[in-house]
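> pasting a predicted model and its sequence here:
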Amino acid sequence: MTIEQFNPDLKVTMSETAIKHSRKEIAKTAGCQGIRLTLETSGCSGYMYEISFVSEEEAKEQFDKDQTFAIEEGVTLYINKQHLPILNGTEIDFITKGLNSMFQFNNPNATAECGCGESFSVV
């Protein structure tokens, strides 16, 4: 284990609707510790957001690689430390458009998005 220096400028937040949805989904999944936000190289713009659930085993395996954010009781967000420069300052929301519900990411570091909204780039 290593000692890390506290960085008050480092944050990723979630809206109340995203917290409520996440808490409900985490509770449905046995052994779930929280949710993981990762970046995948994809799409026409460069990066794509991916959300997955984190098991207790995965949380232990990735301990040294992850930064955890205790968003609210019952909701912990896991982010790979390598992705933090791109994700720092992001607010995660959960929205409904017509019949579709999805996470929406408001990332101040994104400089462009592709036309379909699936990927983004940073310069």
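Here it is on my side, so go on. What you see is a predicted model; the values in this text were computed from it and never measured.
> work out which residue lies at the spatial centre of the protein.
Nearest residue to the geometric centre of the chain (Cα atoms, centre = their mean): residue 37, 2.8 Å.
> and it, what are its bridge partners?
In this entry, residue 37 is beta-bridged to residue 51, residue 79, by DSSP bridges.
> check contacts around it.
Neighbouring residues of residue 37 by Cβ atoms under 8 Å, 6 or more residues apart in numbering: 12, 49-51, 77-79, 83, 87, 90, 92. Glycine gets a C-beta too; all of them are placed from N, C-alpha and C.
> list the contacts of stretch 92-103.
Residues from elsewhere that reach stretch 92-103, judged by Cβ under 8 Å, 6+ apart: 12-15, 17-18, 20-22, 37, 49, 51, 77, 104-106.
> so for the helix ranked longest in the chain, what gets flagged as buried?
In the chain, taking DSSP state H as the definition, the longest helix is helix 16-28. Judged by neighbour count using 16 or more other Cβ atoms under 10 Å, the buried positions of helix 16-28 are 17-19, 21-23, 26.
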